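Student: below: sequence and its predicted model.
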Amino acid sequence: MSNSNNIWDIKNSYNQRRANTWSRGSNRSWTAGGNTPGNTAVVDVVSILSTGNAVDFGDLATHVGNAAGMAANSTRGFTMAGEAAPAYYQKITAMTLASGGVSSEYGNMTQTGGARYSHNNNTRALTFGAYTPVTPSPYMSNTIDSMTMASAGNVVDFGDMAQARVNGCGYGNSTKAFSAGGSTNPSNSGYSNAIEVVTIASTGNSVDYADLAEETIGNSGCSSTTSGYVMTGSTGSGNTATVLHNDLSSGGAGSEFGDLSQARDRSTGTDNSVIGVNSGGRTPSSVNTIDFFTMATTGNGSDFGDLTQARFYSAGFDDSNSGLDYSDIQRPSVNYMPGSGRVLMLGGNRAGGDRNTIDTYNINTFGNSFDFGDLVQITDHNGGCASLTRAFSMGGVNSSTTIIQAVQFANQGNAFDFGDLTIGSDVCASLNSTTRGINAAGYAAPGVYSNIIDYITMATAGNASDFGDLTVARADSAPMASSTRGIFAGGEDASNRKNTIDYITIASTGNATDFGDTIGTVAEAGGLSSGVRGVMGGGSAPSPSVINVMAYVTIASTGNMTDFGDLTAAAAEVEGSSTPVRGCFMGGRTPSIINTIQYITIASTGNAIDFGDMSEGSSDFAAASDSNGGLQA
């Protein structure tokens, strides 16, 4: 559905969602690399919603052909291995979809080779099989690899296909990935009609699902959220123009859907979950043809336009495909509603090292987080706060940095440099009102614990100003706030953990005042609030070293904390975020770094409940919500 220059039609969008004709993302399709017959680095792009010729978008880091695997989330497109003449390789490259340019190295596949096929959801990309010429006969693999798209790094083994196949196609939805057709030998003469399936969120071997209506190799795939489509390819009697159809839930033999404009094989398939697009291929000469068809309506495809160059064995990716679930994250601009429950998790200490990654989820729904964009620089131990429109990362471990980084909630993308704190700030604690962001410095330099409090006006980029001092210099406090009062609970200095709770009046400046005490001495806990009640969760204590305790205070009063309940597991370096109703504690270490998201209902008491998973285990990141307690005026 396009809404350019029109008033947003809520009824129309609702009806389209019910009819499975609602498209998500930017509705663009990219064709990357391929054989002309020589390998090429060219990346083309088209808008799926309007026919016409492709335009140049940028280049891969190297010339790649022979069917590199492909995937995309909302911000990046990926090519995975393939042939980089004169030899096959195993590198993964990533391209920023908002800007184009040249792709950059992102990690490595488990095996050198090409002829892979793939599918992805918001967080994970899976590739099936591979032609592996550097391994002993039969020169092919049945390996299924898994990549976490939010962070650079190598893929990991997911499982195995029941039958080794190459030059088939992949498709699916946000929960299932299918591999269809292909050749059962490396000479591309063992035609297969097999369809196998895996559940993306798990690991393990794929299992038989159904059969295609005919045996085919060199085909391409696309799908809606309910149906898969296998386009063109080669059968025992030559190339075909046929589009085959299979249901993604019921199994059973597939059926013929229609024909594309030209019989060819080794083309590239993309979609926006409503329209299927087939690009390039060979007849046996390489072609630049682009066809399209509407997946909800049985029938033949139509001419869309042309690629900038004729090629086959390209990688195709799109940010609107059927595997990407945009229901947890509202679309930018006209239907992103400030204060609707969007949470950003910025940077952090990940299992593979510190990150500049920004992940997101919606606190009002259950499910996993997924990639939003990147910070300006890699950091962890940073503080997080937010206005209705911006999330902020304050300081961090990068040599106790002074940088303040900001990112717009409404538009998935990267952060920008907002200004600087008055002092280097590491393992700091940040909170906000509707207008001001507050940061308690924490660890200012090696061996130096600070009592300095800074503030910014969140609507105006610039450097922070001095606000006042904490009652006790310390780091790793748990922050929580209403629109008028900010609280810093617990923490630690060089000698011990603290039970101190301080409070400030955010609209003024001045030193903090004693509020009361935490339950025991504690540091490295997460903090969140509804605007009325503040809750502290997890942390480290003298004994046991990692705790699962949650405790709360009424922000408008003073006094000691009261027991709230328990986290699902003991963890320190936890982060908290909230709406006025629900709070989430995320990540942490047990001491292993975990990816758990758990939730509570703030107005009641009781134990936390599982919410979903972060895309990657992380601790000591900054968390910011567009509906946190400090924004409840």
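Tutor: Right, received. Where do you want to start?
Student: quick check: V243 vs S29, distance?
Tutor: Using Cβ to Cβ, to the nearest Å, one gets 17 Å for the distance from V243 to S29. Glycine gets a C-beta too; all of them are placed from N, C-alpha and C.
Student: what about stretch 129-144, how long is it end to end?
Tutor: 6 Å (Cα to Cα, to the nearest Å).
Student: list the buried ones in it?
Tutor: The neighbour-count check on stretch 129-144 (16 or more other Cβ atoms under 10 Å) flags G129, A130, Y131, T132, P133, Y139, M140, S141, N142, T143, I144 as buried.
Student: hmm, back to that, so between V243 and S29, which is more surrounded?
Tutor: Shown here are V243 and S29; by other Cβ atoms under 10 Å, S29 has more neighbours (31 against 27).
Student: roughly how far apart are the closest residue in space to S530 that isn't next to it in sequence and D502?
Tutor: Nearest residue to S530 in three dimensions, chain neighbours excluded: I602, at 4.2 Å (Cβ to Cβ, 6 or more residues apart in numbering). Distance of I602 to D502, given as Cβ to Cβ: 21 Å.
Student: again with I452
Tutor: Distance from I452 to D502, by Cβ to Cβ: 13 Å.
Student: joint contacts of these two?
Tutor: L470 (Cβ atoms under 8 Å, 6 or more residues apart in numbering).
Student: which intervals of the stretch 301-450 of the chain have sub-threshold pLDDT?
Tutor: Residue ranges of the stretch 301-450 of the chain with pLDDT under 70: 326-335, 352, 398-400.
Student: any chance you could map the strands in it?
Tutor: 302-306, 315-318, 342-346, 349-350, 353-354, 357-362, 370-374, 383-386, 390-394, 403-408, 416-420, 429-432, 436-445, 448-457 (DSSP state E, counting those that start in this stretch).
Student: so for A68, which of these sits nearest?
Tutor: strand 315-318 (4.4 Å; Cβ to Cβ).
Student: what does the closest one rub up against?
Tutor: Residues lying outside strand 315-318 but in contact with it, judged by Cβ under 8 Å, 6+ apart, are 25, 28-34, 48, 64, 67-72, 77-80, 82, 220, 268-272, 277, 279.
Student: neighbouring strands - and their directions - for that strand?
Tutor: strand 28-35 (antiparallel) (DSSP bridges).
Student: report the angle between the strand it pairs with and strand 302-306.
Tutor: Counting by axes from the mean of the first three to the mean of the last three Cα atoms, to 10 degrees, strand 28-35 points 70 degrees away from the direction of strand 302-306.
Student: C-terminal to strand 28-35, what's the next element?
Tutor: For strand 28-35, the following helix or strand on the C-terminal side (DSSP states H and E) is strand 39-47.
Student: just give me how far that following strand sits from the chain centre.
Tutor: 24 Å (Cα atoms, centre = their mean, to the nearest Å).
Student: re the thing from before, wait, which of the buried residues of stretch 129-144 is closest to M586?
Tutor: Once Cβ to Cβ is applied, the member of the buried residues of stretch 129-144 that ends up nearest M586 is I144, at 28.8 Å.
Student: show me the protein divided up by domain.
Tutor: 25-318, 333-631 (automatic domain parsing).
Student: between those, which has the poorest mean confidence score?
Tutor: Among the domains of the chain, domain 25-318 carries the lowest mean pLDDT, a mean of 90.
Student: what is the end-to-end distance of it?
Tutor: Domain 25-318 end-to-end distance (Cα to Cα) = 9 Å.
Student: again with stretch 538-552
Tutor: Start-to-end, stretch 538-552 (Cα to Cα) is 12 Å.
Student: about what we covered before: now the two most distant members of the buried residues of stretch 129-144.
Tutor: P133 and I144 (19.6 Å).
Student: so T240 is in contact with E215, correct?
Tutor: No - counting by Cβ atoms under 8 Å, T240 does not reach E215; the two are 10.7 Å apart.
Student: quick revisit: mind putting the domains of the chain in a markdown table, distance to D325 included?
Tutor: Putting the domains of the chain into a markdown table (distance: least, Cβ to Cβ, whole Å) gives the following:
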| stretch | distance to D325 |
| --- | --- |
| domain 25-318 | 4 |
| domain 333-631 | 8 |
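Student: which residues of the protein fall in helices?
Tutor: Under the criterion DSSP state H, helices of the chain are mapped to 10-18.
Student: which residue of it lies farthest from its centroid?
Tutor: What lies farthest from the middle of the chain is S237; by Cα atoms, centre = their mean that is 42.9 Å.
Student: and that one, how far is that from Y191?
Tutor: The spacing between S237 and Y191, counted by Cβ to Cβ, is 10 Å.
Student: do the same with D318
Tutor: Distance from D318 to Y191, by Cβ to Cβ: 28 Å.
Student: specify which residue of the two has the higher count of neighbours.
Tutor: Taking other Cβ under 10 Å, D318 and Y191 do not tie; D318 has more neighbours (30 against 18).
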